[in-house]
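Student: Structural data only, the sequence is not supplied:
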């Protein structure tokens, strides 16, 4: 028969594995974004036009929102992890963050707009867009 501490440890491990997957997915999205932007710039070979602007801008924005979604979900699971650690959530091995929906309503870090303006988002995507437009002006 499992003890309560063993159940808690197992539950925290499961949550931590999800947090790790979200962080890994976010890093993969950032790598794909940089690769996509570089590939599109290479294909257009310094002929910067409206078509190029759209073909770079749309994938970057889409990937940025995907990255924001991963960050938001990661923060929700971090919140669940903290609640389990503080014994404020029952150990039912339910990995759905909707089970703490009421708690998430009060947590500002898990809101879309806070995730959107996170330093981990803007310190990657803003410089990437700046570099793309610097390349545009250097080529023309």
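Tutor: Yep, it's here. Keep in mind that what you see is a predicted model, and the values were worked out from it rather than measured.
Student: Any idea which helix or strand in this protein has the lowest mean pLDDT?
Tutor: Across the helices and strands of the chain, the lowest-confidence element by mean pLDDT, DSSP states H and E is helix 101-106, at a mean of 77.
Student: Name the next helix or strand downstream of that helix, please.
Tutor: Sequence-wise, the next helix or strand beyond helix 101-106 is helix 112-116, with elements assigned using DSSP states H and E.
Student: Quick one: mean pLDDT for that next one?
Tutor: The average of the pLDDT scores along helix 112-116 is 89.
Student: Check which helices and strands that helix sits against.
Tutor: In terms of contact count using 3 or more C-beta pairs under 8 Å, 6 or more residues apart in numbering; DSSP states H and E, helix 112-116 is assigned the packing partners helix 50-85. To be clear about C-beta, it is placed using only N, CA and C from the backbone, and glycine gets the same treatment.
Student: chain center to the helix it packs on, what's the gap?
Tutor: A distance of 4 Å separates the centroid of the chain from that of helix 50-85, by C-alpha atoms, centre = their mean, to the nearest Å.
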